[in-house]
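Engineer: Using only what follows, build the 3D model:
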Amino acid sequence: MSRLNTLTNTYLLPKVVDSVLRENPLTEKILTSPEKWRGEQIKKSVKVVKNTNGTSFAGFQTLPSQAVNTRQYLLFPAKFYQIDVTIPLTDMAVNMTDDERVLDLAEAEMTSSAEDMADSIGNIFYLDGQGNGGLDFNGLANIVDDGTNYATYGGLSRTTFPTLDATRTNWSPNISLQKMATLYNAITDGTIMPSMGLADRNTYSYYEQLIEPKNRLYTTVPEIRKDNKQGLAGTAGFTTLTYKGLGIVPDRKVPIATGGGQLFLIREEDIEFRSIEKFPESEPVKFVEKDFEDNDYENVKGLGFHWTGWVKPVNQLAYVGRVILAGEFWSKNPRRHGVGYNITGI
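Structural biologist: Take a look at the predicted model:
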């Protein structure tokens, strides 16, 4: 009865304080603006080798005439994730009393489960896509790799096509501006540069300590969201540090390995969630979180989820529904991303 009691006490304030979910900026930013899924799978043509037939010549010299296949396809099949929402009719009956109800039980359960699902997907987005027998969404561990841990990407060999390598650098034990500059330069060409940094909280604090005494680069991101609050555009309002103009964002979803923390530099234009917009016997979730406070989902709308509707089991007095996310998380150009890892200090 604890689920029912927390929503039906007359003296409760009409909000539920969330003491579980933590910051999750990458998931919010990616899922609030997904790209549309098209076709059977993601099929992206990428240039992986250079045509080297160019040559200097003079007069009637014989010139090379050989076709060169410079492109290959990256292939990513659709993945699916769900969370169930289950409510006994007995709980709903008690919650429907006018004098006692604080929040609508069904709406609160749906919102809470969708937020829990987004939080879990935030963990998956930093992993390798191999969890649950390979059914998990693809993640940054696979995308931001150089073949050390994952030999293929999108069905292509990173050994055969090294342009699919991201840049991974062991920074053990300490973060430094020189190491950050080396990583930044390795994944930058002209105006093509990283646009966002993501670090675990420990690494974020090391960077803060690194630059604060020298009074370097310390500022809040000067972007203004639609609600006129300062913060990183597309998230729930993080105040962050910057490096070479890009925001370094603390994200508790960044895994901390046994060797230390990590700092990712990514180019947002080259990374996305391709979302299946229609799912059979379901409708898009269009919620604005309003029943829960003290988490970072209050300004998030929808997240690309689908709602199957309520179903009553034959032999139970209950409603069961499912929130579903369909598509895939991927990058069209892994070489534009990098990570420094095994960070334990400055």
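
Engineer: pLDDT below threshold where in the protein?
Structural biologist: Applying pLDDT under 70 to the chain flags the ranges 1-22, 97-103, 213-240, 286-303.

Engineer: Please enumerate the helices of it.
Structural biologist: For the chain, applying DSSP state H gives helices covering 2-8, 25-31, 89-95, 105-124, 131-134, 140-143, 177-186, 201-211.

Engineer: Quickly note the distance from Pro88 to Ala106.
Structural biologist: Going from Pro88 to Ala106 by Cβ to Cβ, to the nearest Å gives 11 Å. Just so you know, the C-beta spots here come from the backbone N, C-alpha and C atoms, and that holds for glycine as well.

Engineer: any common contacting residues for the two?
Structural biologist: Both Pro88 and Ala106 lack any common contact, where contact means Cβ atoms under 8 Å, 6 or more residues apart in numbering.

Engineer: In CSV, list the helices of the chain along with distance to Glu269.
Structural biologist: Formatted as CSV, the helices of the chain follow (distance: least, Cβ to Cβ, whole Å):
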stretch, distance to Glu269
helix 2-8, 43
helix 25-31, 12
helix 89-95, 46
helix 105-124, 21
helix 131-134, 27
helix 140-143, 14
helix 177-186, 16
helix 201-211, 23
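
Engineer: mind putting those helices in a markdown table, distance to Arg322 and mean neighbour count included?
Structural biologist: Shown next, in a markdown table, are those (distance: least, Cβ to Cβ, whole Å; neighbours: other Cβ atoms under 10 Å):
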| stretch | distance to Arg322 | mean neighbour count |
| --- | --- | --- |
| helix 2-8 | 18 | 14 |
| helix 25-31 | 17 | 23 |
| helix 89-95 | 18 | 16 |
| helix 105-124 | 9 | 20 |
| helix 131-134 | 16 | 10 |
| helix 140-143 | 27 | 23 |
| helix 177-186 | 41 | 15 |
| helix 201-211 | 33 | 18 |
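
Engineer: nearest to Val323, of those helices?
Structural biologist: Ranking these by proximity to Val323 (Cβ to Cβ) places helix 105-124 first, at 5.1 Å.

Engineer: Dump the C-alpha coordinates for the closest one into CSV.
Structural biologist: Listed next in CSV are the C-alpha coordinates belonging to helix 105-124 (Å, rounded to 0.1, in the frame of the first residue of the first chain):
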residue,chain,number,x,y,z
LEU,A,105,-2.5,8.0,-9.4
ALA,A,106,-2.4,6.9,-13.1
GLU,A,107,-0.9,10.1,-14.3
ALA,A,108,1.7,10.1,-11.6
GLU,A,109,2.7,6.5,-12.2
MET,A,110,3.0,7.1,-16.0
THR,A,111,5.2,10.2,-15.5
SER,A,112,7.3,8.6,-12.9
SER,A,113,7.9,5.5,-15.0
ALA,A,114,8.8,7.5,-18.1
GLU,A,115,11.3,9.5,-16.0
ASP,A,116,12.8,6.3,-14.6
MET,A,117,13.1,5.0,-18.1
ALA,A,118,14.9,8.1,-19.3
ASP,A,119,17.3,7.8,-16.4
SER,A,120,18.0,4.1,-17.2
ILE,A,121,18.6,5.0,-20.9
GLY,A,122,21.0,7.6,-19.7
ASN,A,123,23.1,4.8,-18.3
ILE,A,124,22.8,2.8,-21.5
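
Engineer: one step back: which one, of the helices of the chain, ends up nearest to Phe161?
Structural biologist: Short answer: helix 140-143, nearest of the helices of the chain by Cβ to Cβ, at 14.8 Å.

Engineer: can you list contacts of the closest one?
Structural biologist: For helix 140-143, contacts defined as Cβ under 8 Å, 6+ apart pick out 125-130, 149-150, 153, 166, 255, 264, 266, 271, 330-331, 334, 337, 339.

Engineer: Now do Thr159: how many residues are near it, please.
Structural biologist: 11 (other Cβ atoms under 10 Å).

Engineer: Over to Thr148?
Structural biologist: The number of residues packed around Thr148, counting by other Cβ under 10 Å, is 9.

Engineer: From Pro334, how far out is the nearest residue to it once chain neighbours are set aside?
Structural biologist: Nearest non-adjacent residue to Thr148, counting by Cβ to Cβ, 6 or more residues apart in numbering: Arg168, 6.5 Å away. Counting by Cβ to Cβ, the gap from Arg168 to Pro334 is 11 Å.

Engineer: Find the residues that touch each one of those two.
Structural biologist: Common neighbours of Arg168 and Pro334 (criterion: Cβ under 8 Å, 6+ apart): Val144, Asp145.

Engineer: top strand in this protein by residue count?
Structural biologist: In the chain, with assignment by DSSP state E, the single longest strand is strand 318-331.

Engineer: Just the buried ones out of the contacts of helix 140-143, please.
Structural biologist: For the contacts of helix 140-143, a burial check counting by 16 or more other Cβ atoms under 10 Å picks out 125-129, 150, 153, 166, 264, 266, 271, 330-331, 334, 337, 339.

Engineer: Among those, which lie within strands?
Structural biologist: Among those, DSSP E puts Tyr153, Phe264, Ile266, Ile271, Trp330, Ser331, Val339 in strands.

Engineer: Who are the contact partners of the fourth one?
Structural biologist: So the one you mean is Ile271. Ile271 sits next to Ile30, Ile143, Phe329, Trp330, Ser331, His337 when contact means Cβ under 8 Å, 6+ apart.

Engineer: Pull the number of nearby residues for the closest residue to Ala186 other than its chain neighbours.
Structural biologist: Using Cβ to Cβ, 6+ apart and skipping residues adjacent in sequence, the residue nearest Ala186 is Thr167, 4.6 Å away. Other residues within reach of Thr167, judged by other Cβ under 10 Å, total 21.
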